[in-house]
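Engineer: Output the structure for:
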Amino acid sequence: MAEHQSEEPAAPMSRKVLFTILGVVAALLVVYVGVVLATGDGVRPRTTVAGLPIGGLSTAEAEQALEERLGRRAAKKITLEYGPSSVAVVPAEAGMKLNTVATIAQATGRNWNPFALVGDLIGERTIEPIVTIDEAALTEQVAAIAESLSTEPVEPTLTMTNGQPVLTNGKDGFELDEALTREQLTAAFLLPRKPLEATVVITTPVITPEQAQASVALAEKAVSEPVTVVASGQSIVIPAQTIARALSFTREGNDFIPVLDGAVLQSAIAPELNAVEVPGRDATFRIRQGSPVVVPAVVGSGVSDDELAAKVATVLNATGAARTTTVTLGVLQPALTTEAARELGITTRISTFTQNFPAAAYRSINIGRAAEYVDGTLLMPGETFSMNDTIKERTVANGYTVGTVIGVGGVFDEQLGGGVSAATTAVWTAAFFAGMEKTDTRAHSIYISRYQPGLEATVAWGIFDMKFTNTTPNAVFITTKMTSTSMTVSFWGTPTYDEILAEFGPRTNIRKYPTIYNKSKQCSPQTGIDGFTINVDRVFINDGKEVNRETITTVYRAGPNVICGKKPKKDEEVDGKKDKKPKKPGAVDPSAEPSPSPSVAVDGDTFENTASGGAEREKKPEKKKDQKPEKKKDKKQQSNA
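Structural biologist: Residues are numbered from 1 along each chain as shown. Now for the predicted structure:
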């Protein structure tokens, strides 16, 4: 009974301890939850990112601070440099972006880990910026940088100059190391900006210096001695100088390969080869009883250019008697066979034009020589005719003599080839009516009365040409016929149109000619001629209807009135009249010396004609106060097909 009474007070004490423990735990739990709740709103204390303290800031404040501090820097361009070259990279275009939201999110949110929570309360926390990289965009941007900065190596060249080989050394190039460049850009993205030195790999020419020098040695040996060619038992010597003219080098793979021009070799020994060869001939055409007929081709036998070049090349590295090679006589097929000529569509005359000119010895020589060169020209579909290439440079060796040309400032002069403009005009006008496409034609700078205004052409060697293109589906054959006062050009082929007409507009924008005085002993007086502008329409007719129209606009300068002698004083008589008319302020003295012209003395110092397509009828020009255009004649000329 007594023992039972002594144990009864223990129960209240146990409950008290339990309640105390529970109270402490509850208090700690409340404190813990309170701390969790307190630290979960915003950025945890003592947090930094890239050296920027953001602890205690709200999420929005931290994001704004990071954007101002790091985002603006990250958005700036990154410069890559190599030598004098540089390129600016826009990070956004290269797929690099600072993820501000994800970066700040690392330091925000409630942390229920008590140990981490204690660390947040008493320790410092550093977080790394989060960067997103679009690998495809970065790769594309780096590839573009590589194309901009990289330089291809320059291969050496080997040429023959004055009969001797001349080597121009190659140069190294470089290529951007794209993998390392991607690493450079991503590493520099968040750093303060400074130029980056591009990482490159040096690239060398394919042909090494040793290989180039070996080719030079071969070239020197190739032109050191003549080569003997044996053809049909006859020995023919090709001089070393001829080999030098025919020799060139081309790059194949990692070496120079010698190439010989067989035509040059063939030309040098043609007289000797004539003794063993049977000449051939291409098919051509002759006009008989007003119609073109095919003159059959002739098959020849002889040494081909290709075989001659190939055989000579085999002994270029030899010396002495070893520089001898044998060539065989083979069949030389014509470039144009009889059968092919019959398929060209040359069946009838499609245009003809005669250009008249005053009789003069130099004209007969120069125009006649040009006519000889043009006669028999075969122009295939798509080919372009060049007057300069056809009639050759106007030299004594090519059969030309001195004649009158239009010189500087529109003053007539004497030069080789004077007068070939008449031949040029005859060819172009016939081409005009044959429907050839204008490629490059130029009229004389001043109008010459024997020509049709706006429908004439001239040339100047090395300066400008007269060209037209055969855009028809058939070939055309060109013939010429000369008299002492005319040149006739005819085109033969298949007509594309029923008619081709020329319509001449009025002369507009009249410009009065000046008067100049020339005291030189070589002075030749000339009558002045007004300048003007004129349009000529080429009208294409099929089935009685206009199907196309092209307008050619020509601008002629005023040709000066040249008086030989001293310029008269103000009140002295000029042509029997006193020159007392006062000059308007700012007016040009008509007797002043002509100003220097950029033109040179040529057979037609010119303005270029301009052509435009379309079937719209020409508008009447406006009349100006001091300008009286001629009445439109609406003159038409038809080709005599």
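Engineer: ranges for the helices of the stretch 101-250 of the chain?
Structural biologist: Taking DSSP state H, counting those that start in this stretch as the test, the helices found in the stretch 101-250 of the chain are 114-122, 135-149, 178-188, 209-222, 240-246.
Engineer: winner for burial among these?
Structural biologist: Among these, ranked by average contacts under mean count of other CB atoms under 10 Å, first place goes to helix 240-246 (a mean of 19). Quick note: C-beta positions are derived from backbone N, CA and C, even for glycine.
Engineer: contacting residues around that helix?
Structural biologist: With contacts defined as CB atoms under 8 Å, 6 or more residues apart in numbering, helix 240-246 is touched by 160, 163-164, 222-227, 260-262, 264-265, 268, 309, 312, 316.
Engineer: Narrow the residues you listed to those in strands?
Structural biologist: Judged by DSSP state E, strands contain the following of the contacts of helix 240-246: 160, 164, 227, 260.
Engineer: List just the one of the helices of the stretch 101-250 of the chain that sits closest to R73.
Structural biologist: helix 178-188 (10.7 Å; CB to CB).
Engineer: report the angle between the axes of the closest one and helix 135-149?
Structural biologist: With axes from the mean of the first three to the mean of the last three CA atoms, to 10 degrees defining the directions, helix 178-188 sits at 110 degrees from helix 135-149.
Engineer: Which other helices and strands does helix 178-188 contact?
Structural biologist: strand 78-82, helix 135-149, strand 196-197 (3 or more CB pairs under 8 Å, 6 or more residues apart in numbering; DSSP states H and E).
Engineer: Am I right that D306 is in a helix?
Structural biologist: Yes. Counting by DSSP: H, G, I helix; E, B strand; the rest coil, D306 falls inside a helix.
Engineer: can you put the ones in strands among the contacts of helix 240-246 in TSV and add distance to I21 and neighbour count?
Structural biologist: Output for the ones in strands among the contacts of helix 240-246, formatted as TSV (distance: CB to CB, whole Å; neighbours: other CB atoms under 10 Å):
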residue	distance to I21	neighbour count
M160	109	18
Q164	111	12
V227	119	24
L260	111	24
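Engineer: can you pull out the strands in the stretch 401-550 of the chain?
Structural biologist: 402-406, 412-416, 437-440, 442-444, 467-469, 476-482, 486-493, 499-504, 508-511, 515-518, 531-542, 545-556 (DSSP state E, counting those that start in this stretch).
Engineer: among those strands, which is the most enclosed?
Structural biologist: Comparing the strands of the stretch 401-550 of the chain on average neighbours per residue, with mean count of other CB under 10 Å, the densest one is strand 442-444 at a mean of 26.
Engineer: re the thing from before, which stretch among the helices and strands packed on helix 178-188 comes nearest F353?
Structural biologist: helix 135-149 (54.9 Å).
Engineer: now that closest one against strand 78-82, angle please.
Structural biologist: Using the same axes, to 10 degrees: helix 135-149 against strand 78-82 is 40 degrees.
Engineer: how deep is V201 tucked in, by neighbour count?
Structural biologist: Neighbour count of V201, defined by other CB atoms under 10 Å: 12.
Engineer: Chain neighbours aside, what residue packs nearest to P209?
Structural biologist: In space, and not counting its chain neighbours, P209 is closest to N169: 7.1 Å by CB to CB, 6 or more residues apart in numbering.
Engineer: residue contacts, that neighbour?
Structural biologist: Applying CB under 8 Å, 6+ apart, the residues contacting N169 are 156, 209, 212.
Engineer: Is it correct that the last one is in contact with P165?
Structural biologist: Going back to what we said before, that points to A212. No. Applying CB atoms under 8 Å, one finds A212 not in contact with P165, separated by 10.2 Å.
Engineer: For stretch 172-188, which outside residues touch it?
Structural biologist: 78, 80, 82, 89, 91, 94, 96, 131, 133, 138-139, 142-143, 145-146, 149-154, 196, 198-205.
Engineer: Can you flag the buried ones in those?
Structural biologist: 78, 80, 82, 89, 91, 94, 96, 131, 138, 142, 145-146, 149-150, 153, 196, 198, 200, 205 (16 or more other CB atoms under 10 Å).
Engineer: follow-up on the earlier one: next, format the helices of the stretch 101-250 of the chain as a markdown table and append distance to Y556 and mean pLDDT.
Structural biologist: Putting the helices of the stretch 101-250 of the chain into a markdown table (distance: least, CB to CB, whole Å; pLDDT from 0 to 100) gives the following:
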| stretch | distance to Y556 | mean pLDDT |
| --- | --- | --- |
| helix 114-122 | 94 | 53 |
| helix 135-149 | 50 | 90 |
| helix 178-188 | 61 | 91 |
| helix 209-222 | 54 | 93 |
| helix 240-246 | 45 | 94 |
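Engineer: Out of those, flag the one nearest E277.
Structural biologist: helix 240-246 (18.2 Å).
Engineer: So what's the gap between the closest one and the chain middle?
Structural biologist: Put simply, helix 240-246 sits 33 Å off its chain's centre (CA atoms, centre = their mean, to the nearest Å).
Engineer: Stretch 80-97 too?
Structural biologist: Worked out by CA atoms, centre = their mean, stretch 80-97 lies 30 Å from the chain centre.
Engineer: same question, stretch 317-335
Structural biologist: The answer for stretch 317-335 is 40 Å, by CA atoms, centre = their mean.
Engineer: Any idea how many residues pack against the residue nearest to A475 when sequence neighbours are not counted?
Structural biologist: Spatial nearest neighbour of A475, chain neighbours left out: L344 (3.9 Å); criterion: CB to CB, 6+ apart. L344 has 21 neighbouring residues, counting by other CB under 10 Å.
Engineer: looking at it, A275 is touching G233, isn't it?
Structural biologist: No. Counting by CB under 8 Å, A275 stays clear of G233, with 10.6 Å between them.
Engineer: So for those two, which sits in the more crowded spot?
Structural biologist: More crowded of A275 and G233, by other CB under 10 Å: A275, with 10 against 7.
Engineer: follow-up on the earlier one: could I get the helices of the stretch 101-250 of the chain as TSV with distance to D543?
Structural biologist: Shown next, in TSV, are the helices of the stretch 101-250 of the chain (distance: least, CB to CB, whole Å):
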stretch	distance to D543
helix 114-122	97
helix 135-149	56
helix 178-188	65
helix 209-222	65
helix 240-246	56
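Engineer: picking that back up, overlap in contacts of A212 and P165?
Structural biologist: L158.
Engineer: one step back: for the strands of the stretch 401-550 of the chain, which one sits closest to A457?
Structural biologist: strand 442-444 (6.3 Å).
Engineer: From the contact counts, what lies against that closest one?
Structural biologist: Partner elements for strand 442-444 (3+ CB pairs under 8 Å, 6+ apart): strand 545-556, strand 606-608.
Engineer: Can you say which of those strands is nearest to T103?
Structural biologist: Using CB to CB, the helices and strands packed on strand 442-444 put strand 606-608 closest to T103, at 67.2 Å.
Engineer: Show me which of the contacts of N169 is closest to A74.
Structural biologist: P156 (46.5 Å).
Engineer: The closest one contacts I207, correct?
Structural biologist: Yes. Between P156 and I207 there is a contact at 5.5 Å, judged by CB under 8 Å.
Engineer: what touches both of these two?
Structural biologist: G170.
Engineer: V293 versus the residue nearest to Q526 when sequence neighbours are not counted, what's the distance?
Structural biologist: Closest residue in space to Q526, ignoring its immediate chain neighbours: V562 at 4.5 Å, by CB to CB, 6+ apart. Relative to V293, V562 is positioned 51 Å away (CB to CB, to the nearest Å).
Engineer: The two: who's more crowded?
Structural biologist: In this view V562 and V293 are compared by other CB under 10 Å, and V562 has more residues nearby, 21 against 11.
Engineer: about what we covered before: now do the same for the residue nearest to P209: its pLDDT.
Structural biologist: On pLDDT, N169 comes in at 93.
Engineer: how near is it to A219?
Structural biologist: 15 Å.
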